[in-house]
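**Q** No letters, just coordinates:
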């Protein structure tokens with residue numbers, strides 16, 4: 001049986017960087033962990049079938065394993081604001097972070113640096129309100145502005161599109177639990193990345209967008225679950241709440257509503273945010289107390305868990321290409337589509353750029369042209 005003469009050090013480098021242990025890799029390949037150890041030590045070599053399975057599990061092209069191991073990691077480093085000590089990043093999230101970096105590199109190659117960018121000072125406790133107002137001014141929005149869309153997914157896409165026209169690149173993930181992360185930011189001077197968890201509600205994802213933007217303005221790459229007990233997280237939460245719900249508009253909107261849950265749901269409907277985001281804003285303004293916020297948070301988490309369970313049991317089927325389209329977004333897919341039109345890339349290049357086989361690529365491009373500039 002023909003063997004693949006791979007570089008064992010490269011296999012070890014890729015496995016460790018992807019946070020995959022030998023047992024998991026062996027299970028994916030259909031062998032034992034000791035065999036993977038032999039491949040890494042150069043004592044034995046995998047078959048080409050085994051190498052194909054290894055490459056799929058570690059999200060690398062086949063040719064990667066024949067060269068020497070790179071000197072530097074291609075998984076971006078982020079500060080871990082989740083308050084979990086030295087807990088390792090799960091393999092699935094490490095893969096998504098690596099892919100996000102690859103997509104950013106591709107975006108710069110395909111479209112060049114963005115024409116617009118956000119110019120804000122470092123966000124601190126002393127200037128949060130002013131900085132949130134400055135961002136609205138950068139976007140040309142009044143304090144009273146709320147997105148015209150009525151559905152939360154449409155609202156999220158509105159804000160996502162606005163950020164992407166101002167120099168940010170936004171991606172989503174699939175099949176990673178909210179307990180692992182809600183969002184992360186990868187700082188770059190040009191085209192910084194925001195990655196949000198697609199398992200969250202659309203309103204939650206909207207709040208996360210501007211939470212992560214705060215980290216990026218402060219030139220920080222962060223892995224987050226929006227933990228109020230971490231100072232950097234609390235600042236980012238407050239900034240997002242200030243931006244999405246300016247204080248003057250909030251107080252004018254509330255009128256005489258005293259019940260905490262009713263007030264949160266009223267703000268939610270007016271400002272097109274989640275009830276939990278509205279409750280966070282009410283807490284920041286001192287309108288509700290910590291116990292009332294905790295109860296609204298509990299109810300919100302419980303309700304979303306029920307929605308997720310109902311979705312799992314639903315007979316409806318979401319095609320994989322549609323999830324990929326959602327995760328990559330209209331801006332990135334549009335850049336690939338334009339490059340195909342200009343013949344700067346071909347169909348094979350597109351499969352690599354979109355992490356998809358040709359039939360899925362064709363479906364995503366068809367959807368892009370069908371919907372124009374909207375997801």
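**A** Sure thing, it's come through. Since the model is a prediction, treat every value here as computed from it, not as a measurement. Numbers count the residues shown, from 1 in each chain.

**Q** residue boundaries of the strands in the stretch 251-375 of the chain?
**A** For the stretch 251-375 of the chain, applying DSSP state E, counting those that start in this stretch gives no strands.

**Q** Would you map the helices across it?
**A** 260-271, 275-284, 290-313, 320-341, 347-353, 358-371 (DSSP state H, counting those that start in this stretch).

**Q** okay, those, which one's buried deepest?
**A** Most buried of the helices of the stretch 251-375 of the chain, by mean neighbour count (mean count of other C-beta atoms under 10 Å): helix 275-284, with a mean of 25. Heads up, the C-betas are built off the backbone N, CA and C, glycines and all.

**Q** what does that one rub up against?
**A** Helix 275-284 is contacted from outside by 203-204, 206-207, 237-238, 240-242, 244-245, 250, 260-261, 263-268, 271, 288-290, 292-293, 296-297, 300, using C-beta atoms under 8 Å, 6 or more residues apart in numbering.

**Q** tell me the domain boundaries of the protein?
**A** 8-61, 91-313, 320-371 (automatic domain parsing).

**Q** End to end on the first one, go ahead and measure it.
**A** Distances were taken as C-alpha to C-alpha, to the nearest Å; on that basis the terminal residues of domain 8-61 are 15 Å apart.

**Q** if we can go back for a sec, is it possible to export the helices of the stretch 251-375 of the chain to a markdown table including mean pLDDT and distance to residue 135?
**A** Below are the helices of the stretch 251-375 of the chain laid out as a markdown table (pLDDT from 0 to 100; distance: least, C-beta to C-beta, whole Å):
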| stretch | mean pLDDT | distance to residue 135 |
| --- | --- | --- |
| helix 260-271 | 92 | 15 |
| helix 275-284 | 90 | 16 |
| helix 290-313 | 83 | 24 |
| helix 320-341 | 96 | 19 |
| helix 347-353 | 94 | 31 |
| helix 358-371 | 94 | 28 |
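
**Q** So which of those helices is nearest residue 73?
**A** Residue 73 sits nearest to helix 347-353 of all these, at 20.6 Å, using C-beta to C-beta.

**Q** For the closest one, name the packing helices and strands.
**A** For helix 347-353, the packing partners by 3 or more C-beta pairs under 8 Å, 6 or more residues apart in numbering; DSSP states H and E come out as helix 91-111, helix 320-341, helix 358-371.

**Q** Sounds good, over and out.
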